[in-house]
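In: here is a sequence together with a model predicted from it:
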Amino acid sequence: MSLQKCEMTRKRQMVIDAMFVKAQQCDLCFVVDCTGSMAAYIREVKNKVKEMVDDITSRFRYLKVRIAFVGYRDFCDGDDRLDVFNFNRDVKKFTDFVEGRKPFGGGDFPEDVFGGLNAAINLNWESETRILIHIADAPCHGDKFLPKGASGDDERHKLDARGRDRSGLSAPRLLSDLRDRALTYHFFHVIANNTIKMVSEFKKIASPMGFKISEVDLKGTPNLLQDAVVNSVTASIAGTLHLMSKKARARRARKGRKVASLSGSKVVMHGKQPNWDEISEEQALEVWCEPPTELEDLCEGLDLVKRQHAVTLKVASKPFAEGHQRRAYYAQDVSDSKMFELVMKRFKNDAKSPSDYSKYEDQMEIQCVAGHLATLFNAKLSSLGFTQKVEFLRVRAIKMISRQEPFHANLEPLLKGEFEKFNSNCGYVGGLHDVLQAFSHWTYRATNGFLMVVDLQGLKASEGYMLTDPAIHCKELCTMDGRYLFGTTNLGQKGMEAFFATHRCSDVCKGLNLSITKGHGEVLRDASLQ
């Protein structure tokens, strides 16, 4: 290894280590309806909070957690409407406080949810990962939030024409404040029929502002609470790590250049395809990777063969969607008599500065390697009698020839349907998609622990999954020519450990003879490789 690569790897590892330490500093707040029907859930929070913290600590070696409690009732309960315990690391003090909360009051069917959320917002949030667990069996005030057929608000508690309660609080303001404080909001339904309409209305407000609300149905069963809280905290830590790795790539792209801030520039999305007759043709150079011929080649240094040819494109002038880093534009390949529908993806910071081509190459290489591993995985699955397949879109990098300023982007086929995130590059495992979780695990095994494909997202179809924009963790962090191998979403060995910290082997894993073993503080690796 060259001195340059050694030094670059050392610095990159320090950055990754710092990210993991920072993301595992957690503020965890329980917001709980403390009216008479909620006694069992208040008791469950008190009795199980230590086990919850111990369970999370066993998964994350750097975890430091502060816990808080906000209990709310209703306006008719006067001075007893709110009970607040601010953030503290002392679990005993927390349990003593919660033990003193008596379930009573409430008045009419809705409760003062707005007051509870506002009290939580005004706590002294400090940590990088901020988690709000809201446990309730009744909705907030306001007819639009009540389930069909429910008794309405007491006349004194009705919202005004602008949706504000008697304290001047409204759902849009509260959800905006939750977003601005970078909280992850997890709503736990105690009786889903009572609260699902409220959360649905909350989501309608939150979605346009880019704020996500996660839901858990406790099905009226208090003993489901512990696992639900642990899973929510785990997902939040993984989400923080994922966001930090994405921000690192954006900072890297801006390094050494003066870039105008995009935070204040609102870009309007155009969901419909343009009138293509009005879009001019442009000439571009399209580059793609040939997949490795042997699996062993991946472990001997990434040196993919690249091909290129000229293409004629039409690209919409306005994006139709955006993520944290990139915007997506409708595009067409009109090089031949046939027209191909495409998506062009471009990093946001490139809109204000000369673009860095290497990050588009990174994305192309990641998807090529992931696609090759998926092909091998599918063959293995098929031999065991599994019918589902895992596939990745083929991604290309382009350089626009006909534009005066440097213009680079990625191109991929247009997928139509509802996108879903199945796991992240930092350990979050979502849903019950056993084949995909097994795929991530299998890539680690197949490469003898050298790399792992994660951050799986895309479409679910009857025959399997069509995925795009994955990430790859790899033991090697840097290349000999001074690049970050697989970009800054490559979190190396720690990223792989984070996956195993949340992964639970399914029947698919067992069919593939995959297993995991625990080390001190967290799950470390595939047991078969020890």
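Out: That came through, no problem.
In: Leu373 is in contact with Met452, isn't it?
Out: No: applying CB atoms under 8 Å, one finds Leu373 not in contact with Met452, separated by 9.6 Å. Every C-beta, even on glycine, is put in place using the N, C-alpha and C of the backbone.
In: shared neighbours of the two, anything?
Out: Thr443 (CB atoms under 8 Å, 6 or more residues apart in numbering).
In: any idea how far Tyr72 is from Ala321?
Out: Taking CB to CB, to the nearest Å as the measure, Ala321 falls 37 Å from Tyr72.
In: between the two, who's got more neighbours?
Out: Tyr72 (28 against 15; other CB atoms under 10 Å).
In: show me the contacts for the closest residue to that one other than its chain neighbours.
Out: Excluding the flanking residues, the one nearest Tyr72 by CB to CB, 6 or more residues apart in numbering is Gly116, at 3.3 Å. Residues in contact with Gly116, defined by CB under 8 Å, 6+ apart, are Val31, Val32, Asp33, Val70, Gly71, Tyr72, Leu82, His134.
In: for those, work out which two are farthest apart.
Out: Leu82 and His134 (14.3 Å; CB to CB).
In: do you have the helices of the protein handy? List them.
Out: Using DSSP state H, the helices of the chain run over residues 3-23, 39-59, 91-99, 113-121, 171-180, 192-206, 225-254, 357-383, 434-446, 492-502, 507-511.
In: quick one: distance of stretch 277-287 to the chain centre.
Out: Its chain's average C-alpha position is 33 Å from that of stretch 277-287, according to CA atoms, centre = their mean, to the nearest Å.
In: so for it, mean pLDDT?
Out: The predicted model assigns stretch 277-287 a mean pLDDT of 95.
In: and that stretch, which residues are buried?
Out: Ile279, Glu282, Ala284, Glu286, Val287 (16 or more other CB atoms under 10 Å).
In: try stretch 61-78
Out: Result for stretch 61-78 [16+ other CB under 10 Å]: buried residues 61, 63, 65-75, 77.
In: and for stretch 165-174?
Out: Quick answer for stretch 165-174 (16+ other CB under 10 Å): Asp165, Leu169, Ser170, Ala171, Arg173, Leu174.
In: likewise for stretch 316-332?
Out: Ala316, Pro319, Phe320, Gln325, Arg326, Arg327, Ala328, Tyr329, Tyr330, Ala331, Gln332.
In: widest-spaced pair of the residues you listed?
Out: Between any two of the buried residues of stretch 316-332 (CB to CB), the greatest distance is 23.8 Å, for Gln325 and Gln332.
In: tell me how many other residues crowd the closest residue in space to Phe211 that isn't next to it in sequence.
Out: Of all residues not flanking Phe211 in the chain, Arg179 sits nearest, at 4.0 Å (CB to CB, 6+ apart). By the criterion of other CB under 10 Å, Arg179 has 15 neighbours.
In: pretty sure Arg179 is touching Pro208, no?
Out: No: counting by CB under 8 Å, Arg179 stays clear of Pro208, with 11.0 Å between them.
In: got the domain ranges for the protein?
Out: Using automatic domain parsing, the domain parsing of the chain gives 25-245, 276-529.
In: could you measure from Lys380 over to Ile213?
Out: Counting by CB to CB - Lys380 and Ile213 are separated by 38 Å.
In: who has more neighbours out of those two?
Out: Between Lys380 and Ile213, counted using other CB under 10 Å, Ile213 has the larger neighbour count: 18 against 13.
In: list the contacts of the more buried one.
Out: Contacts here follow CB under 8 Å, 6+ apart; on that basis Ile213 touches Tyr185, His186, Phe187, Val199, Phe202, Lys203, Ala206.
In: which one is the last one nearest to, not counting chain neighbours?
Out: Spatially, and ignoring its direct neighbours in sequence, Ala206 is nearest to Leu175 (4.8 Å; CB to CB, 6+ apart).
In: shaky segments in the stretch 1-150 of the chain?
Out: By pLDDT under 70, the low-scoring segments of the stretch 1-150 of the chain are 1.
In: residue nearest the middle of this structure, spatially speaking?
Out: A centroid search over the chain (CA atoms, centre = their mean) returns Gly239, at 4.7 Å, as the residue closest to the centre.
In: my read: Ile16 touches Thr488, true?
Out: No: look at Ile16 against Thr488 with CB under 8 Å: they stay out of range, at 9.3 Å.
In: quick one: which of the contacts of Gly116 is nearest Asp362?
Out: Using CB to CB, the contacts of Gly116 come closest to Asp362 at His134, 38.6 Å.
In: the closest one and Ser402, how far apart?
Out: From His134 to Ser402 the distance is 53 Å (CB to CB).
In: with neighbour numbers in mind, choose between these two.
Out: His134 (25 against 12).
In: nice, that's everything, thank you.
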